[in-house]
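In: Just need the structure, nothing else, for what follows:
(4 chains)
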Protein chains: 2
Amino acid sequence: MAKPQDRQLVEQWRSMQTTYFQTAGALERALEAKFNIGLTEFEILDLVAESADAACRMKQLGERTPMTQSAMSKVVDRLDKAGLISRQSCEDDRRSLFLELTDAGRALHRQAAVEHRALLRENLGKD
Amino acid sequence: MAKPQDRQLVEQWRSMQTTYFQTAGALERALEAKFNIGLTEFEILDLVAESADAACRMKQLGERTPMTQSAMSKVVDRLDKAGLISRQSCEDDRRSLFLELTDAGRALHRQAAVEHRALLRENLGKD
DNA sequence: ACAACTTATATGACGCGTCATTGAATGACA
DNA sequence: TGTCATTCAATGACGCGTCATATAAGTTGT
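Out: Numbering: from 1, shown residues only, chains lettered A, B, ... in the order given. Now for the predicted structure:
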């Protein structure tokens, strides 16, 4: 009853879990230690940094990450309080928020991104 | 300065995050709804079920999952309270714990495993 | 213009994982 | 055998994510 296909699936899943947790853990620790931000904070910074265009962002950012709306809201809140991001209300739809990096946010992102990519290479790179 | 290799790494990482969260979420919800256990609980059941041999397990189980020792301890505690697993102290090393499924645990695992594999196939399977 | 519905974000309660620490048992070695 | 270091597991404080809900703004139909 223990189908070999099932075993293979389970192995695949476990292997994914392992590399996911290892990588996420390494990123988390490094970013925390060197830049005093968590991984999710960095990921939002990274997404905002990528969006050079002008749009009511908060919502659409949600479409580009598996994060919950609630989680996003809280992360953005922390980033705001840390002075790394600013939330500006949208003119044409006052429910929406427009996000943009502050100068501090942009500076931190630039540095942190280097570390981030390096760790990704270490952990995911085909070495 | 935005190296294409870096972009590729980032894409790879995000894609992994997405499938990881989707799959874990689906598993979590299904197991919770149908069997009233969380994903990590199932994963421990699954590992114990695989270990038909006799050994002071708690420790060695830790080597087969990215979970923290602390996390394992708490999960096992929940499983114990739920009557799905039993912790027996080891004769030859009284610091260690020997884990084994109760009948209820074995029964639940058998059913839950079917659901688990099915969802893995849905989410990871090359469809 | 008014009600009913929908959409964008925020918030509070709660559960789980992490880190640091503790307690207990074992090992090493003089 | 007595001391010191090490190992296994449990625990408390804490932070983050999730779910359900709240708040506020926009939309639709009459």
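In: C-alpha only now, for contacts and for neighbours.
Out: OK.
In: in what helix or strand does A:Glu100 lie?
Out: Using DSSP states H and E, A:Glu100 sits within strand A:97-101.
In: Can you give the contact residues for the helix or strand following that strand?
Out: Per DSSP H and E, the first helix or strand lying C-terminal to strand A:97-101 is helix A:103-124. Defining contact as Cα atoms under 8 Å, 6 or more residues apart in numbering or on different chains, one finds that helix A:103-124 is touched by A:19, A:22-23, A:26-27, A:30-31, A:35, A:42, A:45-46, A:49, A:83-85, B:6, B:9-10, B:13.
In: Show me how far helix A:103-124 is from its chain's centre.
Out: 11 Å (Cα atoms, centre = their mean, to the nearest Å).
In: Quick check: buried residues in that helix?
Out: Neighbour-count burial for helix A:103-124 flags A:105-106, A:108-109, A:112-113, A:115-121, A:123-124 (criterion: 16 or more other Cα atoms under 10 Å in any protein chain shown).
In: again, but for stretch A:68-83
Out: A:72, A:75-77, A:79-80.
In: What of stretch A:7-19?
Out: A:9-10, A:13-14, A:16-17.
In: CSV for those, including secondary structure, distance to B:Cys90 and pLDDT?
Out: Formatted as CSV, the buried residues of stretch A:7-19 follow (DSSP: H, G, I helix; E, B strand; the rest coil; distance: Cα to Cα, whole Å; pLDDT from 0 to 100):
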residue, secondary structure, distance to B:Cys90, pLDDT
A:Leu9, helix, 33, 95
A:Val10, helix, 30, 96
A:Trp13, helix, 31, 96
A:Arg14, helix, 28, 95
A:Met16, helix, 33, 95
A:Gln17, helix, 30, 95
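In: which of those residues lies closest to DNA strand D?
Out: A:Gln17 (15.6 Å; Cα to the nearest atom of the strand).
In: Quick check: the closest one touching B:Thr19?
Out: No - look at A:Gln17 against B:Thr19 with Cα atoms under 8 Å: they stay out of range, at 10.7 Å.
In: Pull the distance from the helix or strand where A:Leu27 lies to the chain's centre.
Out: A:Leu27 is part of helix A:4-35, with elements assigned from DSSP H and E. Its chain's C-alpha centre and that of helix A:4-35 lie 16 Å apart, by Cα atoms, centre = their mean.
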